[in-house]
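**Q** attaching a predicted model along with its sequence, questions to come.
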Protein chains: 2
Amino acid sequence: MATRGKQARTQKPSDAPEEKARYHHGDLRQALVDAAVTLITEEGFGALTLREVARRAGVTHAAPYRHFADKEALLEAVAQQGFRAMAQEMRERMAKAPAGPLEQLSAAGVAYVLFAVRHPPHFRVMFGPHFTRPLQPDASDEGTNAFALLVRCIEAGQAAGVLRPGESRRLTLAAWSMVHGLASLFVDRQLQEAGQGAEAAEALAVVQTRLLLEGLTRPGPG
Amino acid sequence: MATRGKQARTQKPSDAPEEKARYHHGDLRQALVDAAVTLITEEGFGALTLREVARRAGVTHAAPYRHFADKEALLEAVAQQGFRAMAQEMRERMAKAPAGPLEQLSAAGVAYVLFAVRHPPHFRVMFGPHFTRPLQPDASDEGTNAFALLVRCIEAGQAAGVLRPGESRRLTLAAWSMVHGLASLFVDRQLQEAGQGAEAAEALAVVQTRLLLEGLTRPGPG
DNA sequence: CATCCATGTTGACAGCGACAACATGCAATG
DNA sequence: CATTGCATGTTGTCGCTGTCAACATGGATG
């Protein structure tokens, strides 16, 4: 959405095989991705049609096939964009938070939930039932992997002695399940009572993150 | 799936307006629901077609419209069946668990995750992005509401003094988020490393439930 | 036995995903 | 600058789908 802009025009095509979209339309590939997201936002998944996406991008119904093998490939691009954006938002919020491991973990979790609330189409495509083939490895590599960020927070907290020791993946899975569940419930409109805005989601995420850290059981005497 | 069987045949149609399916086919309405679930399981959501569902039920392509207003109405029936089945499985597992509030809560959570793992199509339809209109109230009323079961467990635990006091809905949301997130991650194949079987899911759900109760932070001295 | 109406069928239409054949225009090459 | 190649976009087509209207059928009711 923000990190777009035209690419360098003097580059050889063989240098950047992924960004080959600047001929007639300018950047049809990205325009199609954006149109798909807008369409899902406005009309829902049932209205997501390759032909309508093409219409909104101002091209004919077969033009998308020059950039995507099929409808699913377009959704894969949406998912990849989503994974990148989510990881970036998490990193940004963590940078603004205090340096402590618990604060970093909380920031990561809140950012995870907030991304889902602010970008429901991306979140749903990323984790929804829309893919028949597994997502390309690029969608889960280092720079775009939110899970890796959680793992690092957890291990830092264990190293600092503020988190329960043991297999870090267990703790990570607990944190991931919590924020993913909260995000899913928001996106799937199961939490209407709690309010729909990003502020409500943020407040809820903060509270729930703390609950996860401290546990549901009654705190010991003292 | 199991609780089917032909309904009483001597009943007046006006007495049971919901179960009006036993004329030519016998019970086409339920057969269509079952065929839809099977089709999703075998071929994925992309292959879910009213015409294919009709084919598998042995009727022509327009027959489903005598039982469902449109494709979405068929999915609504799948979701309702799912909500009922999930609540029932949770009740059954809670009945087999010890009577303590924590044990009951754990049983409810584990059953929630297990339902999702064992019935992915139902779970995805129930919480997925497939509906343009909100689910019928029947899908979220008493007998079919898993959330209500969680609330009762939480409040019982608070009354017994073993759970943190305060707004019960906050604790309930934490528990719901955890199990819903775990279930979603399983169903959406984000947890391949942890194994795919129901046993792996059950073990993981038990561990994660305990982690939620006790918290991620290091237990105090003593 | 006669009738009615819920249930199932047939036929049709517009829209969709996907492919093949064709048209266009940038850009590298001379 | 003119030529040419190939990435990009267009047109036309196919089978399939969701949905509707008109029609056929046969159990239940009298």
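**A** Arrived safely. Residues are numbered from 1 along each chain as shown, chains lettered A, B, ... in the order given.
**Q** what pLDDT does A:Glu18 get?
**A** pLDDT recorded at A:Glu18 is 40.
**Q** do A:Thr3 as well
**A** Model confidence at A:Thr3, expressed as pLDDT, equals 36.
**Q** check the one 5 residues further on too.
**A** In the prediction, the pLDDT value recorded for A:Ala8 is 33.
**Q** packing partners of the helix or strand A:Gln88 falls within?
**A** According to DSSP states H and E, A:Gln88 maps onto helix A:71-96. Secondary-structure packing of helix A:71-96 (3 or more CB pairs under 8 Å, 6 or more residues apart in numbering or on different chains; DSSP states H and E): helix A:28-43, helix A:50-57, helix A:101-118, helix A:120-127, helix A:146-159. Bear in mind the C-beta positions are built from the backbone N, C-alpha and C, glycine included.
**Q** what is the third one packed up against?
**A** Yep, that's helix A:101-118 we're talking about. helix A:71-96, helix A:120-127, helix A:146-159, helix A:168-187, helix A:198-214.
**Q** per-domain residue ranges of chain A.
**A** A:16-66, A:71-214 (automatic domain parsing).
**Q** how about JSON lines for the helices and strands packed on helix A:71-96, with distance to B:Glu52 added?
**A** Listed next are the helices and strands packed on helix A:71-96 as JSON lines, based on distance: least, CB to CB, whole Å:
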{"stretch": "helix A:28-43", "distance to B:Glu52": "25"}
{"stretch": "helix A:50-57", "distance to B:Glu52": "21"}
{"stretch": "helix A:101-118", "distance to B:Glu52": "32"}
{"stretch": "helix A:120-127", "distance to B:Glu52": "24"}
{"stretch": "helix A:146-159", "distance to B:Glu52": "36"}
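**Q** B:Ile154: which of these is closest?
**A** Smallest distance to B:Ile154 across the helices and strands packed on helix A:71-96 (CB to CB): 21.0 Å, for helix A:101-118.
**Q** out of the domains of chain A, flag the one nearest B:Leu28.
**A** Among those, domain A:16-66 sits nearest to B:Leu28 (CB to CB), with 24.6 Å.
**Q** returning to that earlier point: out of the domains of chain A, which one sits most buried?
**A** domain A:71-214 (a mean of 19; mean count of other CB atoms under 10 Å in any protein chain shown).
**Q** now do the end-to-end distance for that domain.
**A** With CA to CA, to the nearest Å as the measure, the ends of domain A:71-214 fall 45 Å from one another.
**Q** any idea how far that domain is from the chain center?
**A** Here domain A:71-214 is found 8 Å from its chain centre; the criterion is CA atoms, centre = their mean, to the nearest Å.
**Q** could you list the low-pLDDT ranges of chain A?
**A** A:1-24, A:137-144, A:221-222 (pLDDT under 70).
**Q** apply 80 and report the result again.
**A** For chain A, the stretches flagged by pLDDT under 80 are A:1-26, A:136-144, A:192-196, A:220-222.
**Q** for A:Gly46, what are its contacts?
**A** The neighbourhood of A:Gly46, defined by CB atoms under 8 Å, 6 or more residues apart in numbering or on different chains, consists of B:Glu72, B:His130, B:Thr132.
**Q** oh, that last question was meant for A:Leu48, not what I typed.
**A** By CB under 8 Å, 6+ apart, the contact set of A:Leu48 is A:Ala36, A:Leu39, A:Ile40.
**Q** A:Glu214 now?
**A** So A:Glu214 contacts B:Arg164, B:Gly215, B:Thr217 (CB under 8 Å, 6+ apart).
**Q** same question for A:Leu75.
**A** A:Ala36, A:Val125, A:His130, A:Phe131.
**Q** that older thread, out of the contacts of A:Leu48, the closest to chain B would be?
**A** A:Ile40 (8.5 Å; CB to the nearest CB).
**Q** once you drop chain neighbours, what's closest to the closest one?
**A** Distances taken as CB to CB, 6 or more residues apart in numbering or on different chains place A:Pro121 nearest to A:Ile40, at 4.0 Å, with adjacent residues excluded.
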